[in-house]
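Visitor: here is the input, now give the coordinates:
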Amino acid sequence: MSDLTQKRILLGITGGIAAYKSIELIRLLTKAGAEVQVVLTEGAKAFVTEMTLQAVSGNPVRSTILDPNAEAGMGHIELAKWADLIVIAPASADFMARYAQGMANDLLSTLCLATEAPVLLAPAMNQAMWRHAATQANTKTLLSRGVLMEGPADGAQACGDIGPGRMSEPEAIYIAISKYFHAKQIPQALAGQHWVITAGPTMEAIDPVRYISNHSSGKMGYALAASAISRGATVTLVSGPVQCTPPAGVNLIKVKSADEMLAACESNMDTPASVFIGAAAVADFKMKTATDQKMKKTSDSDEMQLTLVKNPDIIATLAQDKRANIMVGFAAETQNVIDYAKSKLERKGLDIIIANDVSRADIGFNQDENQVTVITKQTSWEPAKAAKSELANQLVDFICQHSQSTPSN
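Guide: Numbering: from 1, shown residues only. Down below sits the predicted model:
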């Protein structure tokens with residue numbers, strides 16, 4: 001039986017060219033056994049018709065706050081109580097701004113305030129609108145209130161621009177919805193816990209054109225974040241530049257440099273977090289002084305010298321300041337993997353370290369599978385090679401078991 005069987009999903013559609021994709025989303029949801037009711041904004045009516053949406057969903061389409069056909073004319077209260085989940089796809093910049101401000105000036109925004117059901121947004125807008133500080137502030141506000149989010153994706157847009165802002169494909173939104181209902185069936189063992197996870201590479205500027213970085217894809221860190229969220233944890237994901245889609249419900253903080261990553265971790269760990277996982281591949285060195293202009297090669301020399309200095313040791317700093325009850329690190333090595341990992345465990349004051357042999361072409365950086373050795377001061381464990389999503393579940397289980405046997409700081 002599907003996790004969506006007999007689930008009641010209210011689909012809100014706002015104005016935007018991506019509205020046509022919502023027809024396919026409705027088809028996927030109803031095929032999986034969900035009951036779908038559609039609410040249109042006035043802007044959405046320019047892109048999709050009520051007749052089409054009614055035919056696909058099998059239910060009347062709503063668009064007005066006071067519906068004379070609803071009981072007592074209070075259709076918005078009826079719908080707000082009916083829904084198991086509200087999905088807004090596409091969610092325009094205008095809708096997100098109004099929702100963040102608590103406005104209720106149309107049926108859809110009123111429903112979002114009147115419901116006790118969770119809300120999942122699939123943003124869709126021009127890349128400049130998505131990047132604008134106001135939209136980013138609204139996004140952060142909504143995420144902090146527990147609003148779920150899928151996307152946006154990165155790529156070509158209808159206006160001809162390329163960048164983040166595309167609505168996620170219907171299949172991706174469908175998967176996010178399925179994961180939400182599946183997670184509700186899993187015992188919420190981590191409810192009330194705050195996990196902070198770093199992911200991806202850092203990018204250390206040499207000049208405005210060049211930088212120092214590495215091959216980390218961020219897939220392992222993002223998988224760990226998704227696994228912790230599925231168990232009820234509040235997760236802050238501090239991510240370097242990656243192409244991964246953040247899991248629904250995560251508090252995502254994007255950074256570039258190691259200094260920015262440390263600052264983001266510290267500002268989100270004012271009180272000790274339950275667990276910190278340093279899955280990011282942080283550059284060990286940065287430029288002593290990054291230049292403001294592009295460094296030019298000279299005709300009289302075939303060499304260029306760069307003066308590098310050590311980056312802050314993020315996980316050691318956080319461990320020393322006791323910023324989390326359980327500190328977990330990663331050791332990405334190409335030789336003497338276990339010995340180096342054990343040394344790092346001791347030197348940095350960690351509870352757990354996860355050793356990863358990145359010299360192997362079949363696992364580690366940029367791969368979908370991984371194989372690691374998990375080391376504590378008392379024991380070690382080597383799970384079988386697996387997809388990073390499955391391995392993440394095993395690692396979160398191990399961390400949970402370890403934390404239960406470790407007194408809080």
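
Visitor: pop the domain breakdown of the chain in here.
Guide: Listed by automatic domain parsing, the domain ranges of the chain are 8-185, 194-404.

Visitor: now tabulate the ones you listed in JSON lines and tack on mean pLDDT and mean neighbour count.
Guide: Heads up, the C-betas are built off the backbone N, CA and C, glycines and all. Shown next, in JSON lines, are these (pLDDT from 0 to 100; neighbours: other Cβ atoms under 10 Å):
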{"stretch": "domain 8-185", "mean pLDDT": "85", "mean neighbour count": "19"}
{"stretch": "domain 194-404", "mean pLDDT": "88", "mean neighbour count": "18"}
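
Visitor: residues contacting the helix or strand hosting Y340, please?
Guide: Here Y340 sits within helix 337-347, counting by DSSP states H and E. Helix 337-347 has contacts (Cβ atoms under 8 Å, 6 or more residues apart in numbering) with 316, 329, 331, 333, 350, 352-357, 373, 375-377, 380.

Visitor: in a strand, that's where S274 is, yeah?
Guide: Yes. According to DSSP: H, G, I helix; E, B strand; the rest coil, S274 belongs to a strand.

Visitor: neighbours of the residue lying closest to it once chain neighbours are set aside, just the number please.
Guide: Nearest residue to S274, sequence neighbours excluded (Cβ to Cβ, 6 or more residues apart in numbering): Q193, at 3.8 Å. Neighbourhood size, Q193 [other Cβ atoms under 10 Å]: 20.

Visitor: so what's Q193 up against?
Guide: By Cβ under 8 Å, 6+ apart, Q193 lies in contact with 232-234, 274-275.

Visitor: distance of it from T5?
Guide: Separation of Q193 from T5 (Cβ to Cβ, to the nearest Å): 30 Å.

Visitor: residue most distant from the centroid, the protein?
Guide: Distance from the C-alpha centroid of the chain, by Cα atoms, centre = their mean, peaks at D300 (48.7 Å).

Visitor: any idea which helix or strand carries that residue?
Guide: Using DSSP H and E, D300 sits in no helix or strand.

Visitor: state the three-state secondary structure for Q37.
Guide: Under the three-state scheme (three-state DSSP), Q37 adopts strand.

Visitor: what about the helices in the stretch 151-300 of the chain?
Guide: For the stretch 151-300 of the chain, the helices defined by DSSP state H, counting those that start in this stretch cover 170-185, 219-230, 258-267.

Visitor: ok, which of the ones you listed comes nearest C112?
Guide: Judged by Cβ to Cβ, the one of these that comes nearest to C112 is helix 170-185, at 16.2 Å.
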